[in-house]
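J.: fold the following.
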Amino acid sequence: MAEHGDPSFHRHIAIAEIWGLLGLRLADDPILPFNYLSYATQLHVSAYLPKPWLSLSYELLHYFILGLEHATALDVLLDEGISLQLLNTSIDELTAAIREAVEEVQKLQEAKDTGYFASLRRRAFNDRLMLAERGFLEAEGLKGRPWFKHLLYSPPEDFESKLSFFPGIADAISQAARSTGKEAHSSLQHEIWRVARAIQRAAAALRGELI
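T.: Residues are numbered from 1 along each chain as shown. Got it, this is the predicted structure:
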């Protein structure tokens, strides 16, 4: 590190300062500075554009080791056999819950009451924000890689993959070309359902519902 990575250790100092400021914000802010609107935006962009999944996966798989026959089979699989309805519905639910949370944040910030019950309301809301983030985690982790728990932002199995979201779905698309059509269909659909359930858990947590 002293010779090649960060000889003057300026980057180390900068990162330490960033983490320190983040720790202070999380410890001292009355309401946690979590911005879930960015989640909603990214999820909408990711889920409502299934064609880029296909084109990127097709290009990547075909470029590396797969023949045209396998890639064409994957084409048909994603075009005709896979439903994204539950995923899109769950994202809509989360977006609605986020908008409600944003309005609640404004009310809590504008409230002049600083008494005990106001503090309890802020604490309860902060708990919901934390539980929402945990909702994206899956205890069993990604298939074949259980140490990665986050179903939205974990690295895909193929380090060359151009997909930066939904790692389980990205892995299933890559594996689909190496499997039979029926097996690939069920595996990919299962991963889509898992992501949808995780998003629904986050939405329920933001609303303060039991999950």
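J.: what about the strands in the chain?
T.: For the chain, no strands are identified by DSSP state E.
J.: what about the protein, any weak spots by pLDDT?
T.: 46-81, 158-164, 176-182, 184, 210-211 (pLDDT under 70).
J.: tell me the contacts of the residue positioned nearest the centre of it?
T.: Nearest to the mean C-alpha position of the chain, counting by C-alpha atoms, centre = their mean, stands residue 152 at 2.2 Å. For residue 152, the contacting residues are 39, 43, 136, 165, 166, 195, 198, 199, by C-beta atoms under 8 Å, 6 or more residues apart in numbering. C-beta: built from backbone N, CA, C; applies to glycine.
J.: let's see 7 Å
T.: By C-beta atoms under 7 Å, 6 or more residues apart in numbering, the contact set of residue 152 is 136, 165, 166.
J.: okay if I get the residues you listed as a markdown table plus neighbour count?
T.: Listed next are the contacts of residue 152 as a markdown table, based on neighbours: other C-beta atoms under 10 Å:
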| residue | neighbour count |
| --- | --- |
| 136 | 20 |
| 165 | 18 |
| 166 | 24 |
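J.: redo these as a markdown table? Include distance to residue 207.
T.: Listed next are these as a markdown table, based on distance: C-beta to C-beta, whole Å:
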| residue | distance to residue 207 |
| --- | --- |
| 136 | 16 |
| 165 | 24 |
| 166 | 23 |
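J.: filter the residues you listed down to the ones in helices?
T.: Using DSSP state H, no member of these falls in helices.
J.: closest to residue 89 out of the residues you listed?
T.: Checking those against residue 89 with C-beta to C-beta, the nearest one is residue 166 at 15.6 Å.
J.: my guess is the closest one meets residue 195, correct?
T.: Yes: here residue 166 reaches residue 195: they are 5.6 Å apart, a contact under C-beta atoms under 7 Å.
J.: do you know how far residue 151 is from residue 204?
T.: 15 Å (C-beta to C-beta, to the nearest Å).
J.: so these two - more neighbours on which side?
T.: Using other C-beta atoms under 10 Å as the criterion, residue 151 and residue 204 rank with residue 151 on top: 25 against 19.
J.: list the contacts of that one.
T.: Residue 151 neighbours (C-beta under 7 Å, 6+ apart): 136, 138, 168, 194, 195, 198.
J.: could I get these as a markdown table with distance to residue 156?
T.: A markdown table is the format used below for these (distance: C-beta to C-beta, whole Å):
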| residue | distance to residue 156 |
| --- | --- |
| 136 | 16 |
| 138 | 15 |
| 168 | 9 |
| 194 | 15 |
| 195 | 13 |
| 198 | 16 |
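J.: most neighbours among those, please name it.
T.: Going by other C-beta under 10 Å, residue 168 tops the contacts of residue 151 with 28 neighbours.
J.: kind regards, and thank you for your time.
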